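*Asks:* Coordinates for the following, if possible.
(chains A and B)
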Amino acid sequence: GIQVEQSPPDLILQEGANSTLRCNFSDSVNNLQWFHQNPWGQLINLFYIPSGTKQNGRLSATTVATERYSLLYISSSQTTDSGVYFCAVRPVSSASKIIFGSGTRLSIRP
Amino acid sequence: EAGVAQSPRYKIIEKRQSVAFWCNPISGHATLYWYQQILGQGPKLLIQFQNNGVVDDSQLPKDRFSAERLKGVDSTLKIQPAKLEDSAVYLCASSKTGGDYGYTFGSGTRLTVV
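*Replies:* Residues are numbered from 1 along each chain as shown, chains lettered A, B, ... in the order given. Next up, the predicted model:
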């Protein structure tokens, strides 16, 4: 089945720093989302981005479907950005299944 | 629009007991998913419904887990009997038909089996 790998697994930054999170996938996909899981466990949808680039405030994401990767950029990090960031994909070969990566744990220090 | 509602938020049970979780998806979302998230891991799909029919339950441990979605709206997930390794967060999500739209997740139910 498809493999979804996220890097880095852990990231510790000072408030105000910028960061780039990466998601690589091993097969063609027609659905890709980035989620932020906050310390209370809530999964918040950040971007639905099967291809192209989107921006929302300090966050932006780019998916290059032909090269099978997606990037999430966080600029001017705030402590509230802390949590786990997940990439989730739906393979073209699967009628239904959404596969999550193992996540990147981001800690922003004040 | 209202989000995906789940209850309860927390549950602690002893092993071999039974437990049920409830989910109410976003109005108009035909597709409903139950995920299991074990601490430190990404969510794993347990079952997917399209309206009130099951699309994918290949990773559902059917000897102890069951789920239903009567009338194509609310859904319940049941575990009977529970094992220690069932301790996890159970997440419900919904999307418009087919999953080619974004998912919206509920707040989850944190289950602890002791």
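
*Asks:* what sits against residue 24?
*Replies:* Just so you know, I chose chain A. Neighbour list for A:N24: A:V4, A:E5, A:Q6, A:S7, A:R68, A:Y69 [criterion: C-beta atoms under 8 Å, 6 or more residues apart in numbering or on different chains]. Every C-beta, even on glycine, is put in place using the N, C-alpha and C of the backbone.

*Asks:* um, chain B though
*Replies:* By C-beta under 8 Å, 6+ apart, the neighbours of B:N24 are B:V4, B:A5, B:Q6, B:V73, B:D74.

*Asks:* Any idea which of the residues you listed the model trusts least?
*Replies:* On pLDDT alone, B:V73 ranks lowest of the contacts of B:N24, at 91.

*Asks:* Hmm, B:I26 and that residue touching each other?
*Replies:* No - with contact defined as C-beta atoms under 8 Å, B:V73 does not reach B:I26; the gap is 10.5 Å.

*Asks:* ok so, going back, check the contacts of B:N24 and tell me the two furthest apart.
*Replies:* The two members of the contacts of B:N24 with the most space between them (C-beta to C-beta) are B:Q6 and B:V73, at 14.0 Å.

*Asks:* the more surrounded of the two?
*Replies:* Between B:Q6 and B:V73, B:Q6 has the larger neighbour count (other C-beta atoms under 10 Å in any protein chain shown), namely 22 against 15.

*Asks:* Go ahead and name everything in contact with stretch A:40-56.
*Replies:* For stretch A:40-56, the surrounding residues in contact (C-beta under 8 Å, 6+ apart) are A:29-38, A:59-65, A:70, A:72, A:85-86, B:37, B:43, B:89, B:91, B:93, B:101-105, B:107-108, B:110.

*Asks:* among these, which ones are buried?
*Replies:* The neighbour count (16 or more other C-beta atoms under 10 Å in any protein chain shown) marks A:29-37, A:59-63, A:65, A:70, A:72, A:85-86, B:37, B:43, B:89, B:91, B:93, B:102-105, B:107-108, B:110 as buried among these.

*Asks:* Please, where are all the helices along chain A?
*Replies:* Here chain A has no helices by DSSP state H.

*Asks:* Could you point out which residue ranges in it have low pLDDT?
*Replies:* Scanning chain A for pLDDT under 70 picks out A:95-96.

*Asks:* do chain B as well
*Replies:* Residues of chain B that meet the criterion pLDDT under 70 lie in B:1, B:98-101.

*Asks:* can you list the residues of it near chain A?
*Replies:* Residues of chain B lying near chain A by C-beta under 8 Å from any C-beta of the partner chain: B:33, B:37, B:41-45, B:48, B:55-56, B:89, B:91, B:93, B:99-105, B:107-108, B:110.

*Asks:* where does chain A come near chain B, residue by residue?
*Replies:* A:30-31, A:33, A:35, A:40-45, A:48, A:86, A:88, A:90, A:95-98, A:100-103.
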